[in-house]
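In: predicted model, plus sequence, below.
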Amino acid sequence: MKIKICGITRLEDALAAVEAGADALGFMFYAASPRCITPAHATPIIRALPAFIAKVGVFVDASELDVRSVIEECGLDTLQFHGQETPEFCRRFRQKVIKAFCIRDRDSLQATAAYSSETWLLDSYVPGKPGGTGATFNWAFAAQAVQSGGRVILAGGLTPENVGAAVQQVHPYAVDVCSGVESGPGWKDAGKIKAFVQAARTAGARRI
């Protein structure tokens with residue numbers, strides 16, 4: 001199982017996540033996010049990361065031109081789309097693609113079917129928000145997506161205290177945390193990151 005730490009804005013937080021054992025780091029290229037980072041700020045952080053760490057750019061309804069510009073400047077290897085991006089749009093890029101969905105109820109899962117070639121990130125539904133709210137949702141819906149054959153990244157309100165239970169119930173491909181390991185928006189807590197990774201790894205080992 002993979003672990004992604006999202007909303008990185010500082011080099012020290014990125015290195016703490018790597019040291020703790022994270023597999024991927026997410027960078028928010030979305031102006032409305034309190035964790036927004038500019039390409040100029042993200043680039044030196046990304047260049048300091050080991051090659052084995054996935055560098056994920058998070059976008060919300062950005063134009064293809066803007067996405068490609070950030071890819072070129074920052075060296076992203078994975079793209080995460082949180083808006084109304086179509087399957088055709090997602091297929092325009094050679095990088096790995098994660099398509100995010102905000103889950104309100106069982107019917108929310110129907111939208112994932114059109115994106116069968118992508119990894120699905122399942123996040124909480126909050127009106128007017130594209131994700132990253134720190135709210136949880138009914139994990140049974142995520143478990144259903146996993147059972148249907150989807151490659152699911154579970155997000156939404158995960159913390160060091162509840163990620164173990166989430167992994168045990170959902171059996172996701174990966175877990176994604178943002179506010180659950182922060183001391184403030186965009187400011188990660190190294191102790192919380194370490195506790196989160198340990199809890200997720202322990203739960204993942206138990207399910208084998």
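Out: Right, received. Where do you want to start? Numbers count the residues shown, from 1 in each chain.

In: CA atoms for contacts and neighbours, from now on please.
Out: Will do.

In: what about Pro50, how many residues nearby?
Out: By other C-alpha atoms under 10 Å, 11 other residues sit near Pro50.

In: could you do the one 4 residues further on as well?
Out: Taking other C-alpha under 10 Å as the criterion, the count of residues near Ala54 is 19.

In: tell me, how many residues neighbour Ala190?
Out: By other C-alpha under 10 Å, the residues close to Ala190 number 20.

In: from Arg206, how far out is it?
Out: Ala190 is 25 Å from Arg206, where distance means C-alpha to C-alpha, to the nearest Å.

In: swap in Leu158?
Out: Distance of Leu158 to Arg206, given as C-alpha to C-alpha: 19 Å.

In: per-residue confidence at the closest residue to Ala190 other than its chain neighbours?
Out: Spatial nearest neighbour of Ala190, chain neighbours left out: Ala16 (5.7 Å); criterion: C-alpha to C-alpha, 6 or more residues apart in numbering. pLDDT, Ala16: 98.

In: hang on, Ala16 is in a strand, isn't it?
Out: No - applying DSSP: H, G, I helix; E, B strand; the rest coil, one finds Ala16 to be helix, outside a strand.

In: gap between it and Ala22?
Out: Separation of Ala16 from Ala22 (C-alpha to C-alpha) stands at 9 Å.

In: what secondary structure does the most centrally placed residue in the chain sit in?
Out: With distances taken as C-alpha atoms, centre = their mean, Asp176 lies nearest the centre of the chain, 4.6 Å away. Of the three states, Asp176 takes strand under three-state DSSP.
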